[in-house]
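S.K.: With the input below, show me the fold.
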Amino acid sequence: MVDVTDSAADALGVTSEAARHALDAVLADPAGTLLALDFDGTLSPIIDRPEDAVIHPCAAAALDRLGQLIGTVAIITGRPAKAAVDLGRLDQLDGLGDMVVLGQYGAERWDADTGRFYIPPVPTNIGQVESEVHKIIDDLGLRGVSIENKHRAIGVHTRTADDPAGSFDKLVEPVTRIAEENGLHVEPGRSVLEIRPSGRDKGAALAELIIERGARAVIFGGDDLGDVPAFDEVVRQRDAGLPGLLIASASDEQSALVGRADVVRHGPAEVAEWLNALADELERRAA
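M.R.: Residues are numbered from 1 along each chain as shown. Okay, here's the model as predicted:
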């Protein structure tokens with residue numbers, strides 16, 4: 001006879017001892033589980049115009065289900081919190097009444113139970129850096145590079161450039177220099193250089209949310225270099241005794257998380273399938 005835990009582990013692609021231990025903890029204590037996910041590339045496909053990104057419909061359905069089955073569903077993103085809520089239509093999903101969205105790497109916050117946003121003042125140096133980055137792009141003669149003003153951060157996107165990879169490489173040094181001169185940090189990503197204040201990352205945001213919610217198990221899913229600190233935090237929590245499960249949304253552009261993840265799925269559609277499979281298992285057990 002196959003043990004139900006073995007069956008669940010097979011269905012969810014969990015193989016390592018640490019990952020199975022985490023899955024056991026999640027299934028045994030869903031109310032004590034924190035599920036935290038990145039937005040772009042994990043729940044929403046990466047597209048040429050970031051402002052047009054929307055959550056994958058199957059991912060939205062999965063989160064709606066999981067919000068009624070586990071303790072906390074959260075999104076931790078580099079986007080402004082309001083952008084994530086609007087693009088995901090998260091305030092329209094009945095099952096997410098206790099959701100938390102941490103935007104700008106945790107600097108901003110939205111709580112579904114109150115509908116309120118916490119958005120601190122914009123750093124004064126962001127506007128100056130944006131002007132200087134425009135000048136760099138013009139001086140280098142790069143065509144098709146776009147700048148996304150996120151209020152507390154600036155995204156320099158090369159995906160639509162005439163030469164995406166070449167433009168990215170040419171921009172790394174001068175953009176990093178300008179950022180550092182203004183006391184800011186550059187986070188490389190999938191065809192993007194993100195300029196933002198230092199001192200905040202997804203690992204710190206996740207750690208604070210674990211404490212706030214009293215999580216007894218944690219799942220984190222991401223796709224890019226900005227998610228590395230959150231992966232590091234889950235490993236640190238594991239070492240301290242908190243069961244943790246790591247999900248990588250893999251792509252041809254970025255593989256940094258693949259070797260560190262317990263579960264690897266290719267893009268938001270497959271991540272959504274995994275989340276729905278987790279919901280299926282939790283619903284079976286609840287019944």
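S.K.: tell me the domain ranges of this protein?
M.R.: Domain assignment for the chain by automatic domain parsing gives 4-107+200-286, 125-197.
S.K.: for the ones you listed, which one ends up most surrounded?
M.R.: Ranked by mean neighbour count, the domains of the chain are led by domain 4-107+200-286 with a mean of 20 (mean count of other C-beta atoms under 10 Å). No exception for glycine: its C-beta is placed from N, CA and C like everyone else's.
S.K.: Would you single out the least confident of the domains of the chain?
M.R.: For the domains of the chain, mean pLDDT drops lowest on domain 125-197, to a mean of 90.
S.K.: Could you tell me how far that one lies from the centre of the chain?
M.R.: Chain-centre distance of domain 125-197: 21 Å, with C-alpha atoms, centre = their mean, to the nearest Å.
S.K.: End to end on it, go ahead and measure it.
M.R.: Domain 125-197 has its terminal residues 10 Å apart, counting by C-alpha to C-alpha, to the nearest Å.
S.K.: center of this protein, which residue is that?
M.R.: Asp38 (1.3 Å; C-alpha atoms, centre = their mean).
S.K.: Wait, it touches Leu225, no?
M.R.: No: using C-beta atoms under 8 Å, Asp38 makes no contact with Leu225, being 11.1 Å away.
S.K.: Could you pull out the helices in the stretch 51-200 of the chain for me?
M.R.: Counting by DSSP state H, counting those that start in this stretch, the segments of the stretch 51-200 of the chain that form helices are 57-66, 81-88, 125-140, 164-181.
S.K.: between those, which gets nearest to Leu275?
M.R.: helix 57-66 (3.6 Å; C-beta to C-beta).
S.K.: List of residues touching the closest one?
M.R.: Under the contact criterion C-beta atoms under 8 Å, 6 or more residues apart in numbering, helix 57-66 has outside partners 35, 43-44, 73, 88-90, 93-96, 99, 268-269, 271-273, 275-276, 278-279, 282-283.
S.K.: Would you mind confirming that Leu142 makes contact with Phe168?
M.R.: No: applying C-beta under 8 Å, one finds Leu142 not in contact with Phe168, separated by 9.7 Å.
S.K.: where's Gln254 relative to Arg196, distance?
M.R.: For Gln254, the distance to Arg196 equals 18 Å [C-beta to C-beta, to the nearest Å].
S.K.: Sorry, slip of the keys, the one I care about is Arg143.
M.R.: Note on Arg143: its distance to Arg196, by C-beta to C-beta, is 25 Å.
S.K.: got it, and Gly97?
M.R.: From Gly97 to Arg196 the distance is 30 Å (C-beta to C-beta).
S.K.: same deal with Asp40?
M.R.: Counting by C-beta to C-beta, the separation of Asp40 from Arg196 is 15 Å.
S.K.: Does anything pack onto the helix or strand hosting Leu282? Which helices or strands?
M.R.: Assigned by DSSP states H and E, Leu282 belongs to helix 267-286. In terms of contacts (3 or more C-beta pairs under 8 Å, 6 or more residues apart in numbering; DSSP states H and E), helix 267-286 is packed against helix 4-11, helix 17-28, helix 57-66, strand 244-250, strand 263-266.
S.K.: Now the second one - C-alpha only, CSV.
M.R.: I take that to be helix 17-28. Output of helix 17-28 as CSV, limited to C-alpha atoms (Å, rounded to 0.1, in the frame of the first residue of the first chain):
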residue,chain,number,x,y,z
GLU,A,17,14.7,14.5,2.5
ALA,A,18,14.6,18.2,3.6
ALA,A,19,11.8,18.9,1.0
ARG,A,20,9.8,15.8,2.1
HIS,A,21,10.1,16.9,5.7
ALA,A,22,8.8,20.4,4.7
LEU,A,23,5.9,18.9,2.6
ASP,A,24,5.0,16.7,5.6
ALA,A,25,4.9,19.8,7.8
VAL,A,26,2.7,21.7,5.3
LEU,A,27,0.2,18.9,4.9
ALA,A,28,0.1,18.2,8.6
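S.K.: immediately after that helix, which helix or strand?
M.R.: That would be, after helix 17-28 and using DSSP H and E, strand 33-37.
S.K.: Note down every partner strand of that next one and its orientation.
M.R.: Sheet pairing of strand 33-37 (DSSP bridges) gives strand 72-76 (parallel), strand 217-222 (parallel).
S.K.: Can you lay out those strands as JSON lines showing distance to Arg260?
M.R.: Listed next are these as JSON lines, based on distance: least, C-beta to C-beta, whole Å:
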{"stretch": "strand 72-76", "distance to Arg260": "17"}
{"stretch": "strand 217-222", "distance to Arg260": "10"}
